[in-house]
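> Below is the sequence, then the predicted model.
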Amino acid sequence: MQQRNMSTFPASHWEDLRKQARTLENEIDAKLVSFSKASTQRGTLSATRSSDDFSFPRASSQESVPLLNNAEDGRVFEALASEIENHLAKLSNINDQMSDCMDRFASSPGAALLHTLQRHRDILQDYLQEFNKTKANVEQIRAREELFGPMKPFASSRRIDPFLKENEHLRSSERLIEDQIG
């Protein structure tokens with residue numbers, strides 16, 4: 001019976017899909033390594049503090065350079081993220097085609113085919129998790145750097161003013177509540 005199933009199963013189509021999946025998996029793996037490296041590389045800039053430096057004090061004499069500190073780095077990072085997302089979508093499509101191929105042409109697929117398909121699905125899920133985790137970490141780091149990153153002296157008052165106003169509003173509200181209660 002197994003011989004009959006394999007004779008009706010288009011082995012060449014299955015193998016083509018499997019090769020495409022492996023090729024995409026290798027490309028995604030390489031791109032995820034680059035993506036991860038880009039997200040964790042943080043240069044350091046030796047800096048001596050001068051009296052006109054208004055940034056927050058740091059524990060060491062070295063300052064962290066912001067992650068993706070210029071617009072070009074951000075565009076490159078976003079392009080890499082978009083490329084990985086496209087590759088992941090293609091891999092998902094190929095996995096679906098492999099599943100359809102097995103459903104259509106193999107009335108009772110062998111354990112090896114089922115294992116192969118499941119392995120490709122597991123690899124896709126691992127890549128999706130790694131990509132989403134790395135992307136979320138980068139977004140979190142960017143947000144943190146936006147809030148707490150080193151400020152330039154000419155821009156410091158403009159960046160702090162809204163926070164000072166909000167703080168004053170909070171204090172005013174607290175005083176009004178205390179007057180009502182007390």
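Perfect, I can see it now.

> any idea of the mean pLDDT in the helix ranked longest in the chain?
Looking across the chain with DSSP state H, the single longest helix is helix 111-148. In this model, helix 111-148 has an average pLDDT of 89.

> where exactly do the helices run in the chain?
Using DSSP H, the helices of the chain run over residues 2-8, 11-40, 71-105, 111-148, 153-181.

> give the contact list for the residue most central in space within the chain.
The centroid of the chain falls nearest to residue 135 when counting by Cα atoms, centre = their mean (1.6 Å). By Cβ atoms under 8 Å, 6 or more residues apart in numbering, the contact set of residue 135 is residue 81. Bear in mind the C-beta positions are built from the backbone N, C-alpha and C, glycine included.

> Could you measure from it over to residue 142?
Distance of residue 135 to residue 142, given as Cβ to Cβ, to the nearest Å: 11 Å.

> What ranges in this protein fall below the confidence cut-off?
Along the chain, the parts satisfying pLDDT under 70 run over 1-9, 41-73, 106, 149-158, 182.

> What is the burial count for residue 31?
Residues lying near residue 31 (other Cβ atoms under 10 Å) number 18.

> Pretty sure it sits against residue 79.
No. The pair residue 31 / residue 79 is not scored as a contact, 10.9 Å apart, by Cβ atoms under 8 Å.

> can you list residues touching both of those two?
With Cβ under 8 Å, 6+ apart, residue 31 and residue 79 have no common neighbours.

> quick one: residue 94 from residue 22, how far?
According to Cβ to Cβ, residue 94 and residue 22 sit 10 Å apart.

> between those two, who's got more neighbours?
More crowded of residue 94 and residue 22, by other Cβ under 10 Å: residue 94, with 22 against 13.

> what's the distance between stretch 14-22 and the middle of its chain?
Mean-position distance between stretch 14-22 and its chain equals 26 Å (Cα atoms, centre = their mean, to the nearest Å).

> which parts of that stretch are buried?
Using 16 or more other Cβ atoms under 10 Å as the test for burial, stretch 14-22 gives 14, 17, 18, 20, 21.

> out of these, who's nearest residue 100?
Closest approach between the buried residues of stretch 14-22 and residue 100, by Cβ to Cβ: residue 17, at 9.6 Å.
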